[in-house]
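K.L.:
Next one to model:
(chains A and B)
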Amino acid sequence: MSQAVGINFKKSSIDAFIAGLMALVLFGPIVGVVLDGYGFNAEFGRVAWIVAIVAVGRFVMSSFMQTEKGIALAFRYANNDDGVTVLPPGHKSKMVWIIPLVVVIGLVLPFVASKYVLTVIILGLIYVLLGLGLNIVVGLAGLLDLGFVGFYAIGAYGLALGYENLGLGFWSMLPIAAIMAAVAGAILGFPVLRMHGDYLAIVTLGFGEIIRLILTNWASFTHGPNGVSAPLPTFFGLEFKRRSSEGTFHEFFNLPYDSAYKYMFIYLVLFAVVWAVLFIKHRLVKMPIGRAWEALREDEIACRSLGLNHVLVKLSAFMIGASTGGLAGVFFATYQGFVNPSSFTFFESALILAIVVLGGMGSTLGVVIAAFCLTVLPEMLREFAEYRVLMFGILMVVMMIWKPRGIVRVTRTGFSPKKGVAK
Amino acid sequence: MDIVLQQLVNGLTLGSVYGLIAIGYTMVYGIIGMINFAHGDVYMVSAYITAIAIAILTFFGIESFPIIIVGTLFLTVAVTGAYGWVIERIAYRPLRSSSRLAVLISAIGMSLILQNYVQLSQGANQQGVPTLLTGAIRFSVGDGFVQITYMKLFILFVSLLGMGILTYVIQKTKLGRMCRATQQDRKMASILGIDTDKVISTVFVIGAVMAALAGVLVTLDYGAFDFYVGFIIGIKAFTAAVLGGIGSLPGAMLGGLILGLSEALFAGLISSDYKDVFSFSLLVLILIIRPSGLLGKPEVEKV
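P.N.:
Numbering: from 1, shown residues only, chains lettered A, B, ... in the order given. So this is what the prediction gives:
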């Protein structure tokens, strides 16, 4: 520490030069030579820009890391992996005030918002549901599930095909789809969960792809890439169509026909389901099973030596997550009125994972905020749509390096022994 | 009969390519215990660089096949190797002491970055390369015939050569000894004066180079590719690595050959629509029945 802090510009320049050279090697061919048939178009201007940005960026960073602030930052950055923040016992959460407020706003919203805003919010809520489901699996139980979209597809196709083949409607499929997805999760998870965590990632990835390939190729049952139409929910048997033999919602209540009614209704049901899932998750985390999930995530060997059945504990998390995914699938199908395999690609799984990663693993509030950010923002920023996947990728890498526990930290109220309890 | 023989020939070349890519997975897993999700996309990048190298070389009026192929191999291997090094440096090295989940998520992020970056700079359309090597050997078998194109022979030759050189490097040279030492016990190796960070970087470069060989060979043979090719072939190569026993180098090669052969036979005899489903199901089955693979050692977790 006796050395005076001064910036060694020679070192920074060398760093910048090497980084620039590397950028030239990496970006030169791919960015600079755009294939056009068997020939190519040269785009060297873009390469020059990228190389310049990388070199200058590296120079600035290298210089900054030699200053006192930089060294302090690097030190902080090296140990930021502390777990849950424990609040003092008796801490009162501000959520007590926020939750009723959100509920009231949520209930008023469909009657004031335009149809477009409502559809975007429904999509956001579907992703909240998916994010909550995956958060139980990845965030709480620490199992990386890359085929979550498979369960989503099971729910969505369950509604569409159940209606087509068995005449089952939205209300009967809602629980059945959740059970179907949970059973699929059990069948997939039971053999794999015994093994090392990393294998689970790749097996679930394969599972998601298998589901999509079957949906695409088994044309006689799933109609292949053409997709299947899905039914709308009914309001105590009343339909939301313009005309129906069963009786329609607008005729029964003597209202003029408006296609926004069905979105209002889907929204309200979805809103209720999201709250139910939030409530169940909130309680599960405090139950022994929830504690077991988190304990197993932190140290599997210790848990097993304390007598936890690691397969069953993991399986329960996997199944509950899967059933939530199935529920979200049902809502997605009824909201779109139509499903086809292209809605269930690996990209969807990555998006859901990005929600969980950004929101904070295990944090409910974070996931809700992240789900809205990642689905509603792209709707607003349509012109940047093609950079979306790039942003998700950068987000995942940066978040893992910078804040592996997510933006919103998991907090938990501490316990204190009651009076009179022997220490 | 001729179909079976033809599919065996196809499967052999396919399998040697899977083997080449599987080496990248198995070596990285062996040394730092992570699944390098971005590896399939490194392969995809190498396919693009192959086409770009061919386009540049033909632009300068080089027509002879040997010069083009050597130039393409050299360029692709060099640039893809650089990709391997940089990916490790940016996305994995800062996470050396983090949880396995964090590294895995970072790798998935890297895979998305590579896919989208190539799509943005090269466009989403399918690209192609001209056919450079034509001609075939034919054998008549019964009523039909079996055809082995020169390209397929070339694939077999280059991939066996690549695997041979790698085996020599790992078994006989100082670098290989350092790699094996780091794989066995990283902490001990670093105490004994091995720069383990450098060894890990080298392993990533070797993996990328092997993927680059596969990229050149498949692209020349198949002709067409897009920014999404790395995904499916990556999972299959991973299946090959697991089949052979992850962490084991000969296992990866053997697993690749077995997977290639069985997949080609399945596609030829049963259904080519479901050949990807077959490979994924095979992966799940191996993990259930014999997670340590054919040549791998069972993994024992210690505190």
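K.L.:
Need phi/psi at A:Asp36.
P.N.:
Dihedral pair for A:Asp36: phi -140, psi 100, per degrees, to the nearest 10.
K.L.:
Quick check, pLDDT for it.
P.N.:
Per-residue pLDDT puts A:Asp36 at 75.
K.L.:
what about it, how many neighbours?
P.N.:
13 (other C-beta atoms under 10 Å in any protein chain shown). The C-beta positions use only the backbone N, C-alpha and C, and glycine is treated the same way.
K.L.:
Tell me the bridge partners for it.
P.N.:
Per DSSP bridges, the residues bridged to A:Asp36 are A:Gly39.
K.L.:
Relative to B:Gln122, how far out is it?
P.N.:
With distances taken as C-beta to C-beta, to the nearest Å, A:Asp36 is found 10 Å from B:Gln122.
K.L.:
Please apply the same query to A:Ala16.
P.N.:
27 Å.
K.L.:
ditto for B:Phe37
P.N.:
21 Å.
K.L.:
Looking at the two, which has the bigger crowd around it?
P.N.:
Comparing B:Phe37 with B:Gln122 by other C-beta under 10 Å, the one with more neighbours is B:Phe37, at 27 against 21.
K.L.:
quick one, what contacts the more buried one?
P.N.:
B:104, B:107-108, B:110-111, B:234 (C-beta atoms under 8 Å, 6 or more residues apart in numbering or on different chains).
K.L.:
dump the residue contacts of B:Ala252.
P.N.:
Neighbour list for B:Ala252: B:19, B:22-23, B:25-26, B:240-241, B:244 [criterion: C-beta under 8 Å, 6+ apart].
K.L.:
chain center to whichever strand or helix holds it: distance?
P.N.:
Element membership for B:Ala252, per DSSP states H and E: helix B:249-269. Using C-alpha atoms, centre = their mean, to the nearest Å, the mean C-alpha position of helix B:249-269 is found 13 Å from that of the whole chain.
K.L.:
Which positions in it come out as buried?
P.N.:
For helix B:249-269, the neighbour count (16 or more other C-beta atoms under 10 Å in any protein chain shown) marks B:249, B:251-268 as buried.
K.L.:
And stretch A:17-35, by the same measure?
P.N.:
A:19-20, A:22-35.
K.L.:
What's the local residue count around the closest residue to chain A within the stretch 1-150 of chain B?
P.N.:
As assessed by C-beta to the nearest C-beta, chain A sits closest to B:Gly109 within the stretch 1-150 of chain B, at 2.8 Å. B:Gly109 sits with 27 neighbouring residues when counted by other C-beta under 10 Å.
K.L.:
buried set for the host helix or strand of it?
P.N.:
In the assignment (DSSP H and E), B:Gly109 maps to helix B:100-122. Buried residues in helix B:100-122, counted by 16+ other C-beta under 10 Å: B:100-122.
K.L.:
now do stretch A:100-110
P.N.:
A:106, A:109-110.
K.L.:
Out of the residues you listed, flag the one nearest to chain B.
P.N.:
Closest to chain B, out of all of the buried residues of stretch A:100-110 and judged by C-beta to the nearest C-beta, is A:Gly106, at 30.9 Å.
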